[in-house]
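Asker: One predicted model, sequence on top.
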Amino acid sequence: MLHTPFYNPAKTYEENFEKGPFGAFSHTKSIVQKFKPTYKFLGFSVNSLFGIPAGPLLNSNYVQAAFNMGFDIICYKTQRSVPFTVNAFPNVLIVETFGKLTIEKTNKPLLGKLINPTKEDFSITNSFGNPSRGPAFWEDDLKKAISYANQGQLLIMSVVGTIKEGFTKEDYYDDFATASEIAKKAGAEAIEVNLSCPNVANEGILCFTPGAVESICRKVKEKIGNIPLIAKIGFFSNEQQELLETVVDKMAPFVQAISAINTIPAPIVDEKGEQALPGPNRLYSGVCGAGIKWAGLDNVTRLVKIREERGYTYEIIGVGGVMKPNDYLDYKKAGADVVMSATGAMWNPFLAQEIKKKTNE
Ligand SMILES: Cc1cc2nc3c(=O)[nH]c(=O)nc-3n(C[C@H](O)[C@H](O)[C@H](O)COP(=O)(O)O)c2cc1C
């Protein structure tokens, strides 16, 4: 069922940051009666294997609400080692994908509108550009967010590097480690590196460059020691199978989990056929929600196979198009250890409760 979204696309990012979360997430009391940490993820005891990936939970107020609504494994929105401004409003549009968003379909423009979704299996585009108020804000806010975890709940901190003037590639990769170190100092129990953001003009999608993946994962792991490291990757098509295997080989020595997938970029236009999101380099924007479920399931299946064939031990977080409890079950069937929902959870704050009911947890 569709509810009031806890992030309101009709308001600016700043307004959501200051006044959100909205709808059922605005009540601060826990609706969870009993905490039963009967599952394991990355060595932590957790109440369930479901949560929210990096993105919709902007700050500790959002984190607190998500924990209280029974989302047990959740991520703080990707942060940087320096302040970074958000892309221009709007940042979230409803996108018509006509069923599965195949890669073929991303060759043609998709219509994006600032409207409410009218059906449960909808898709959106989101384009923020990994904004950050910088560590001066998030270091303390992360400490607060971590303190909101109830028994059997885990907060993952997501970070990304920033290209600063005069930086070499290695300086840029080092910056992932700098941000991770700040997160570690604030008490993060698990850290995710975002190697797949499609919405920052000059940074590119790093997970398709094996050398970058290896360097970043090595540098971060050196800094965070025994804190679990998660790599968030984008969608790899069938033609990219060899590249996916190479990338997994490069990250496997350093990561304890892989999160797949991030959004799939496509050109987004308005009713006049013009670029829908204002500003340079924003014709292409990441699409998520129901239309990409097939792609998330596909990549999870392939990551399971690679793990089996090569004897790796990484855990797999399945992400993409989880809108209903059955979608969670489909990801579990495909072999995901943990499942997360961004778009689905935004419009259904009761999704974790519904999944627990369905699985009798
Ligand atoms: C509002 C919003 C913001 C997002 N921001 C981030 C982010 O900061 N870092 C990240 O790794 N992924 C981000 N994502 C991508 C999600 O984590 C997820 O990979 C993607 O949306 C696919 O899942 P879904 O179909 O359940 O939305 C964001 C997604 C949404 C909807």
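Answerer: Arrived safely, thanks for sending. Residues are numbered from 1 along each chain as shown.
Asker: CA only for contacts and neighbour counts going forward, please
Answerer: Noted.
Asker: May I have the secondary structure class of Asp330?
Answerer: Three-state call for Asp330 (DSSP: H, G, I helix; E, B strand; the rest coil): helix.
Asker: Could I get the contacting residues of the closest residue to it other than its chain neighbours?
Answerer: In space, Asp330 comes closest to Leu297 once its chain neighbours are excluded; the distance is 7.8 Å by Cα to Cα, 6 or more residues apart in numbering. Shown in contact with Leu297 (Cα atoms under 8 Å, 6 or more residues apart in numbering): 318, 320, 330-331, 334.
Asker: Pick the one among those closest to the ligand.
Answerer: Lowest distance from the ligand to the contacts of Leu297 (Cα to the nearest ligand atom) belongs to Gly320, with 3.5 Å.
Asker: Hmm, the closest one is touching Gly286, no?
Answerer: No: using Cα atoms under 8 Å, Gly320 is not in contact with Gly286; the gap is 11.8 Å.
Asker: Against Glu245, how distant is Ser180?
Answerer: 25 Å (Cα to Cα, to the nearest Å).
Asker: any idea how far the ligand is from the residue nearest to Asp330?
Answerer: 11 Å (Cα to the nearest ligand atom, to the nearest Å).
Asker: Now do the same for that residue: helix, strand or coil?
Answerer: Quick answer, by three-state DSSP: Leu297 is helix.
Asker: residues shared between the contacts of Gly320 and Gly286?
Answerer: Joint contacts of Gly320 and Gly286 (Cα under 8 Å, 6+ apart) are Thr263.
Asker: the more surrounded of these two?
Answerer: Between Gly320 and Gly286, counting by other Cα atoms under 10 Å, Gly320 is the more crowded of the two (31 against 21).
Asker: helix or strand for Ala345, which one?
Answerer: Take DSSP states H and E as the rule and Ala345 turns out to sit in helix 343-347.
Asker: outside of that helix, which residues touch it?
Answerer: By Cα under 8 Å, 6+ apart, helix 343-347 touches 2-7, 52, 56, 123-124, 288-289, 321-324, 351.
Asker: One more: stretch 75-88?
Answerer: Looking at stretch 75-88 with Cα under 8 Å, 6+ apart, the contacting residues turn out to be 13, 52-60, 63, 127-135, 138, 142, 155-162, 175-176, 178-179, 182, 194, 277-279.
Asker: Just these: which are in strands?
Answerer: Using DSSP state E, the subset of these located in strands is 52, 155-159, 194.
Asker: for the ligand, what are the nearby residues on the stretch 101-250 of the chain?
Answerer: Contact residues, the stretch 101-250 of the chain versus the ligand (Cα under 6 Å from any ligand atom): 126, 130, 194.
Asker: can you rerun that using 5 Å?
Answerer: Asn194 (Cα under 5 Å from any ligand atom).
Asker: just the helices in the stretch 101-250 of the chain please.
Answerer: 135-147, 169-185, 210-224, 241-251 (DSSP state H, counting those that start in this stretch).
Asker: Count residues in the vicinity of the residue of the stretch 101-250 of the chain found nearest the ligand, would you?
Answerer: Closest contact between the stretch 101-250 of the chain and the ligand, by Cα to the nearest ligand atom, is at Asn194 (4.9 Å). As a burial measure, Asn194 scores 25 neighbours (other Cα under 10 Å).
Asker: So that it lines up with my notes, have the first residue be 765 from now on.
Answerer: Understood, numbering begins at 765; the last thing we discussed is Asn958.
Asker: where does the chain dip in pLDDT?
Answerer: 797, 963, 965-966, 1125 (pLDDT under 70).
Asker: And for it, the residue most distant from the center?
Answerer: No residue in the chain sits farther from the centre than Lys1036, which is 31.0 Å out by Cα atoms, centre = their mean.
Asker: Wasn't that residue part of a helix?
Answerer: No: under three-state DSSP, Lys1036 sits outside any helix and is assigned coil.
Asker: Dihedrals phi and psi, it?
Answerer: phi -90, psi 0 (degrees, to the nearest 10).
Asker: who's in contact with it?
Answerer: Counted by Cα under 8 Å, 6+ apart, Lys1036 has zero contacts.
Asker: likewise Glu782?
Answerer: Not one residue lies near Glu782 by Cα under 8 Å, 6+ apart.
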